[in-house]
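*Asks:* just need the structure, nothing else, for what follows:
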Amino acid sequence: MESINQITLGQKLKSYEKHPQSLLLLILVILAAVLTFGVMIFLVGYIIVSGVPHLSLKLFAWEYNSHNVSMMPAIFNTVTMTLLSLAFAVPIGIFSAIYLVEYAKRSNRLVSIIRVTAETLAGIPSIVYGLFGFLMFSIAFGWGYSMLAGSLTLAIMILPLIMRTTEEALKSVPDSYREGSFALGAGRLRTVFHIVLPAAVPGILAGIILGIGRIVGETAALIYTAGTVAGIPHNLLSSGRTLSVHMFALLSEGLYVEQAHATAVVLLLMVVFINALSGAIAHKLQGGR
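*Replies:* Have a look, this model is predicted:
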């Protein structure tokens, strides 16, 4: 075994001697990976060290006031906002991707226009979406600062992401799956929903997870649409703040910095839990493979 490893190492060294740029690229890739991992560990460690000591039971009281600065209403609003946004964006995004991949002709010029538009919309800053949502939903529709206005704005914001990731997931499914289904007499609709979509579930869930991460961490768009009321809204047309907006408001006031750090810990744990839950669902849908 040692001789085999020595031969392999010698072959690599000879290869690097012939192509020194390969060694340079290898070093750059390793440095980039180490730097990325180091920054992630530093951020997570900083959040935990600065936030965990300030966690207390009063931060999880059901009602918010100036004494407990509870984040429980913000947690409830975050879950509600996430579910509403996904309810609007996921069906439209998945069905749009199905049409682009399975039904539209590949030479269709409209398809290329839609793809370019989606990629362009994915790069627009969130504050622009917030201003659009404020002018459209809050002013033109007369909803004011409301959960409904915020969720629709976030749905528009994550729609290009979900559509493009779903499209790539559907493209990654081998054509042999479709051909086998057609050969057994299944129609296109049955093939798409019983063969192609189950095989593309991991890629689709990856896009949904990225969308959830953007929803949970969004602040600018929600300040202009959902508002910053620190309480549980009575209905969808009432204002409410999410965890990220709650943390921003606490830091802006400058009076509850320690509670803001504790909120960051809860926000981090929520994102980790959502990712773990989504991974478990994807594994179960694949039949435990």
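
*Asks:* hey, which helix is longest across this structure?
*Replies:* Across the chain, the longest stretch assigned as helix under DSSP state H is helix 20-51.

*Asks:* how far is that one from where the chain is centred?
*Replies:* The chain centroid and the centroid of helix 20-51 are separated by 22 Å under C-alpha atoms, centre = their mean, to the nearest Å.

*Asks:* can you pull the buried residues of that helix?
*Replies:* Within helix 20-51, the residues scored as buried using 16 or more other C-beta atoms under 10 Å are 47, 50-51. Yep, even glycine has a C-beta here, placed from its N, CA and C like the rest.

*Asks:* tell me where the stretch 1-150 of the chain has helices.
*Replies:* Along the stretch 1-150 of the chain, the stretches classed as helices by DSSP state H, counting those that start in this stretch are 2-18, 20-51, 72-98, 109-122, 126-133, 147-171.

*Asks:* tell me which helix or strand of the protein sits lowest on mean pLDDT?
*Replies:* When the helices and strands of the chain are compared on mean pLDDT, DSSP states H and E, helix 2-18 comes out lowest with a mean of 56.

*Asks:* state whether Ser239 and Gly144 are indeed in contact, as I suppose.
*Replies:* Yes: at 7.4 Å, Ser239 and Gly144 qualify as touching, with contact defined as C-beta atoms under 8 Å.

*Asks:* what sits in contact with each of those two?
*Replies:* The contact sets of Ser239 and Gly144 overlap at Gly227 (C-beta atoms under 8 Å, 6 or more residues apart in numbering).

*Asks:* pull the contacting residues for Phe95.
*Replies:* Applying C-beta under 8 Å, 6+ apart, no residues qualify as near Phe95.

*Asks:* which residues does the residue positioned nearest the centre of the chain contact?
*Replies:* The chain has Leu210 as the residue nearest its centroid, 2.0 Å off, counting by C-alpha atoms, centre = their mean. Contacts were defined as C-beta under 8 Å, 6+ apart; by that measure Leu210 touches 161, 165.

*Asks:* how much space between it and Tyr129?
*Replies:* 16 Å (C-beta to C-beta, to the nearest Å).

*Asks:* secondary structure element for the residue nearest to the centre of the chain?
*Replies:* Assigned by DSSP states H and E, Leu210 falls within helix 201-216.

*Asks:* how about that helix: buried residues?
*Replies:* In helix 201-216, counting by 16+ other C-beta under 10 Å, buried: 201, 203-209, 211-212, 214-216.

*Asks:* do stretch 248-262 as well
*Replies:* 248-251, 256, 258-262.

*Asks:* so which of those residues are in helices?
*Replies:* 248-251, 258-262.

*Asks:* picking up where we left off before, mean neighbour count, the helices of the stretch 1-150 of the chain: which tops it?
*Replies:* Of the helices of the stretch 1-150 of the chain, the one with the most neighbours on average (mean count of other C-beta atoms under 10 Å) is helix 147-171, at a mean of 24.

*Asks:* quick one on the thing from earlier: okay, the helices of the stretch 1-150 of the chain in a markdown table with distance to Arg178 next?
*Replies:* A markdown table is the format used below for the helices of the stretch 1-150 of the chain (distance: least, C-beta to C-beta, whole Å):
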| stretch | distance to Arg178 |
| --- | --- |
| helix 2-18 | 41 |
| helix 20-51 | 36 |
| helix 72-98 | 13 |
| helix 109-122 | 18 |
| helix 126-133 | 36 |
| helix 147-171 | 10 |
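
*Asks:* out of those helices, nearest to Leu277?
*Replies:* Between Leu277 and these, the tightest spacing by C-beta to C-beta is seen for helix 72-98, at 12.1 Å.

*Asks:* quick one: classify Ile274 as helix, strand or coil.
*Replies:* Counting by DSSP: H, G, I helix; E, B strand; the rest coil, the backbone at Ile274 sits in helix.

*Asks:* from Thr36, how far out is it?
*Replies:* Ile274 is 21 Å from Thr36, by C-beta to C-beta.

*Asks:* and what of Leu250?
*Replies:* 29 Å.

*Asks:* next: His234.
*Replies:* Note on His234: its distance to Thr36, by C-beta to C-beta, is 44 Å.

*Asks:* cool, and Leu159?
*Replies:* For Leu159 relative to Thr36 (C-beta to C-beta), the value is 28 Å.
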